[in-house]
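Undergrad: fold the stuff below for me.
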Amino acid sequence: MNPFKLAFLYLRIGVMNELQYRVNFFIQLLQSFIAIAIGLIGLSLVFAQVNELSGWNRNELLAVMGVHILMGGVIRAAIMPNMNRFMGDVQQGTLDFALAKPVDTQFLVSIREFSFWQLVDVVVGLVIVGVAVGLMQTTASLWQALAFVAALVMGALMIYSVYFMVTSLAFWIIRVDQIVNLFEGIYAAGRWPVGIYPDWLRTGLTFLVPVAFAVTVPAEALTNRLTSLTLLGAFGLTVFLLILARSIWKLGLRSYSGASA
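TA: Modelled structure (predicted):
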């Protein structure tokens, strides 16, 4: 079956399932407003004391917050639900059902679930980004717009790869869900540009858990800080993490003992 048609089919099923519980929309909307309020309060507290934070002004940090909320929506809509189901399948021995399908199994386990209402965060994040760009009173060039989109896509692929690698530990570790839960706490650090953190933490947020590439780099594109070298480095790291995730997946399959074993 065509992979794109298959992805669209699962997307449609996910949306239809979510639409049965429309009250979740209002719950998600409330959560988004709470996140915005917390973010704005944090910005107000910081800029009550300083005029800039590591070279970023208030409006530029508002753009960082918007990207953080946007990417968080993508993670919770398309990445986390699939990784949680994948982890459960490995632990319960039901991954066999996916392995038996005539399609690449990694692709299949990565598209089966979709939390439609989490897209509220994506929309809210885009609105905040738009407001921030407007407040900066600068017109984004075509290069900035393309770099922003490219950085977002590569950031999402990096987060997916890391999340997939951590989830794949379920092939060897029983309580891997506790490790996965740490991701939310680490991702929260992306609310601020990674440049404000100590070198050791900045390195971890750049290469171990690529929050920098998922949030700070797209924000740098909007604020005209992003260089071609950084974008090229992001592309190289994206390819590397995708290949590494694929290798760990194949290694894990050799250790898998499912219900049919």
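Undergrad: tell me how far the most centrally placed residue in the chain lies from residue 160.
TA: In the chain, the centroid-proximal residue (CA atoms, centre = their mean) is residue 75; its distance is 3.9 Å. Applying CB to CB, to the nearest Å, the value for residue 75 to residue 160 is 8 Å. The C-beta positions use only the backbone N, C-alpha and C, and glycine is treated the same way.
Undergrad: next one: residue 213
TA: Taking CB to CB, one finds residue 213 at 12 Å from residue 160.
Undergrad: okay, now the unreliable bits of this protein?
TA: 1, 140, 258-261 (pLDDT under 70).
Undergrad: what about 90?
TA: 1-58, 87-104, 114-119, 133-145, 169-212, 223-226, 253-261 (pLDDT under 90).
Undergrad: which parts of it are helices?
TA: 3-19, 23-47, 58-74, 80-92, 96-99, 105-109, 119-135, 142-168, 176-188, 199-203, 211, 217-222, 228-255 (DSSP state H).
Undergrad: now the ones you listed in TSV, with mean neighbour count?
TA: Listed next are those as TSV, based on neighbours: other CB atoms under 10 Å:
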stretch	mean neighbour count
helix 3-19	13
helix 23-47	14
helix 58-74	24
helix 80-92	19
helix 96-99	14
helix 105-109	18
helix 119-135	18
helix 142-168	20
helix 176-188	14
helix 199-203	11
helix 211	26
helix 217-222	26
helix 228-255	15
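Undergrad: ok, residue 75 - contacts?
TA: 156, 159, 163, 187 (CB atoms under 8 Å, 6 or more residues apart in numbering).
Undergrad: rerun that using 7 Å as the cut-off
TA: Residues near residue 75 by CB atoms under 7 Å, 6 or more residues apart in numbering: residue 159.
Undergrad: and residue 86, by the same measure?
TA: 109, 167.
Undergrad: same question, residue 91
TA: Taking CB under 7 Å, 6+ apart as the test, what residue 91 contacts is residue 170.
Undergrad: ok, it to residue 85 distance?
TA: 11 Å.
Undergrad: residues shared between the contacts of these two?
TA: In contact with both residue 91 and residue 85: no residue, using CB under 7 Å, 6+ apart.
Undergrad: now stretch 220-229, how far from the chain's geometric center?
TA: 20 Å (CA atoms, centre = their mean, to the nearest Å).
Undergrad: what is the end-to-end distance of it?
TA: With CA to CA, to the nearest Å as the measure, stretch 220-229 spans 13 Å from end to end.
Undergrad: list of residues touching that stretch?
TA: Contacts for stretch 220-229 (CB under 7 Å, 6+ apart): 60, 63, 129, 133, 140, 144, 147-148, 151, 217.
Undergrad: at 10 Å what do you get?
TA: 55-57, 59-61, 63-64, 66-67, 129, 132-133, 136, 138, 140-141, 143-152, 193, 195, 212, 216-219, 230-231, 233-234 (CB atoms under 10 Å, 6 or more residues apart in numbering).
Undergrad: one more: stretch 239-257?
TA: Stretch 239-257 is contacted from outside by 86, 89-90, 93, 95-96, 99, 105-106, 109-110, 154, 157-172, 207, 210, 213, using CB under 10 Å, 6+ apart.
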